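Novice: dropping a prediction and its sequence here:
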Amino acid sequence: CARVPALIEEAEARGDLYAGVSLRLGLANAVWLFQDDVEAARQAYDEALSLWTYPGYSVQSYFAFLALVQRVLYEGEATAAYERVQAEWPRLRKSGLLRVQYLRVEATHLRARAALALATLRSGAARTRCLRMAERGAGKLAAERAPWAAALGQLV
């Protein structure tokens, strides 16, 4: 948690936009959530988006998606998290980034977590649909044949 802000400072001092933006998004954005500082996580996210103006769907676009959904889940907004995952998934798939195992596993785990969170708010058939989506995600994670992906599947 102490290193991320220092690394952002170092990246800015070097003029390294890529590193500075990346360190404000993705999993690194969670350092502020670990400290229960949602506003700092939001601020880092907003700063990154203001700095990164690449028009296509980049790794930073994925990192922004990851940071946003994790923060929204942390805030207890399961519906917003699930809706964001559903809206983003076609763009993510089209980008080709899901061909990278690490990103595919991380995104699949995030999608399953959003479905589980939404299931806690639903009942009946809607709850069952959410749980099935989470189960499919767990199955996809197990099928990756990577111990860390299987562990995430077990968590789901």
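Specialist: It's in. What you are looking at is a predicted structure, and each value in this text was computed from that prediction instead of being measured.

Novice: now the one helix or strand C130 maps to: average pLDDT?
Specialist: Using DSSP states H and E, C130 sits in helix 124-143. What helix 124-143 shows for mean pLDDT is 98.

Novice: name the SS class of E39, please.
Specialist: The three-state label given to E39 by DSSP: H, G, I helix; E, B strand; the rest coil is helix.

Novice: quick check: it vs D46, distance?
Specialist: Remark: distance between E39 and D46 (C-beta to C-beta, to the nearest Å) = 10 Å. For glycine as for every other residue, the C-beta is placed from the backbone atoms N, C-alpha and C.

Novice: what about the two, which has more around it?
Specialist: D46 (11 against 8; other C-beta atoms under 10 Å).

Novice: where does the more buried one fall, phi/psi-wise?
Specialist: phi -60, psi -40 (degrees, to the nearest 10).

Novice: for the residue nearest the centre of the chain, what are its contacts?
Specialist: What sits nearest the mean C-alpha location of the chain, by C-alpha atoms, centre = their mean, is L66, with 1.9 Å. Going by C-beta atoms under 8 Å, 6 or more residues apart in numbering, L66 touches 25-27, 29, 106-107, 110.

Novice: the same query, at a cut-off of 7 Å, please.
Specialist: For L66, the contact set (C-beta atoms under 7 Å, 6 or more residues apart in numbering) comprises 26-27, 106, 110.
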